[in-house]
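> Return atomic coordinates for the entry below.
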Amino acid sequence: MSGPVFISFSREHDAAYVGRLAAHLVAGGLSMRYDTQPMTDGWWSTYTRAQLDGSSAVVVVMTPAASHDGWVAREIDHARLLGRPIVPLLLAGEPFPALSGYAHEDVTGGRLPGPELVRRLHRALGNVPPQAAEPTASSAFTVPIRGGATGLTVGIEVRGAMFMPLIERGQAVPCARTEVFTTADDDQPVIQVRVFQGQSPAVAANESLGAYELLLEPAPAGVPQIGVRFEVTESGAFRLTAAHADGREVPVRLLPGKATASH
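Here you go, the predicted structure:
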């Protein structure tokens, strides 16, 4: 079975770390499921159990709070009943006696797990781990510079394969512009941004500066407010970076090849 990975943790105490963990694992090519809703019997029966049923593996974040959390224990028991692989992470305290038969990774101090755990989860799901899927904040693409200013307009693809200018031709370098993006679907894992340079209103007639994926934590539609910075350096190098409204960095992955107009 290949599908999302479910994260079990103390909603009350460990949600901040789990948000970082989920984004890290998404950057490694994994699909994640977790929620920060306070647990009740009704929430378990209508949502959490179904999320576990549809998941292919379970990551358990072990902390003293989680060790005393009856809902975490219930999620572990249900994962065992389903026969799902369980991968424990030790964030604080001691490993759970109930998980003594499982190899755990030490992430004490808030560290994020290493690449071997990502590969381990891919193997558990029957996936081939992605090659060269490391997040990137920049690319090898360049914008022509003429007389200390941009020689072409830089913009993005919008609905209808149209070109929306962001940095106009003739703007002095270095220069940058930030646009805010959000999601259209609940728990949307990525936002794709397709960047072009040129002067045509149709992206197909312009030159690609790459297709980028913003790697997101699960959240309701419209909640993420991601500031995406489009930058042209003095030498003409193009860079794209992203951050949440609170300043937290958003991982960015440059897709292989050049962007082409979508249809």
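
> What segments of the stretch 51-200 of the chain are helices?
Secondary structure of the stretch 51-200 of the chain (DSSP state H, counting those that start in this stretch): helices located at 64-67, 70-82, 115-125.

> Please look at G227 and T241 and confirm they touch.
No - counting by CB atoms under 8 Å, G227 does not reach T241; the two are 9.1 Å apart. (C-beta placed from N, C-alpha, C; glycine too.)

> A172 is in contact with A149, isn't it?
Yes - using CB under 8 Å as the test, A172 is close enough to A149 to be in contact (5.2 Å).

> When these two are compared, which one has more neighbours?
Comparing A172 with A149 by other CB atoms under 10 Å, the one with more neighbours is A149, at 15 against 12.

> so what pLDDT did the more buried one get?
At A149, the pLDDT value in this model is 96.

> show me what contacts it?
169-173 (CB atoms under 8 Å, 6 or more residues apart in numbering).

> Excluding chain neighbours, give the residue nearest to I167 in space.
V154 (4.2 Å; CB to CB, 6 or more residues apart in numbering).

> Oh, that last question was meant for R177, not what I typed.
L166 (4.9 Å).

> That neighbour against V154, yeah?
Yes - between L166 and V154 there is a contact at 5.7 Å, judged by CB under 8 Å.

> Find the residues that touch each one of the two.
Contacts common to L166 and V154, judged by CB under 8 Å, 6+ apart, are F230.

> For these two, indicate the residue with more neighbours.
Legend: neighbour count by other CB under 10 Å for L166 and V154, higher for V154 (26 against 16).

> Quick check: the more buried one vs G222, distance?
27 Å (CB to CB, to the nearest Å).

> Next: W44.
Counting by CB to CB, the gap from W44 to G222 is 26 Å.

> Show the backbone phi and psi for G170.
phi 90, psi 0 (degrees, to the nearest 10).

> what ranges do the strands span in the stretch 101-250 of the chain?
Ranges of strands within the stretch 101-250 of the chain are 105-106, 138-142, 145-146, 149-150, 153-158, 162-167, 175-181, 190-198, 207-215, 226-232, 237-244, based on DSSP state E, counting those that start in this stretch.

> Out of the ones you listed, which is closest to F96?
In terms of CB to CB, the element of those nearest to F96 is strand 105-106, at 13.7 Å.

> What's the mean pLDDT across stretch 243-257?
Mean predicted confidence for stretch 243-257 is 80.

> buried ones in it?
243-244, 250-254 (16 or more other CB atoms under 10 Å).

> re earlier: if I pick the residue nearest to I167, what's in contact with it?
143, 165-167, 195-197, 209, 230, 232, 238.

> rerun at 7 Å
By CB atoms under 7 Å, 6 or more residues apart in numbering, the contact set of V154 is 143, 166-167, 195, 197, 209, 230, 232.

> Which pLDDT value belongs to it?
At V154, pLDDT is 97.

> Once you drop chain neighbours, what's closest to T63?
A92 (4.4 Å).

> quick one: the spatially most central residue of the chain from H24, how far?
Residue closest to the mean C-alpha point of the chain, counted by CA atoms, centre = their mean, is L215 at 2.4 Å. Distance from L215 to H24, counting by CB to CB: 9 Å.

> Noted, bye for now.
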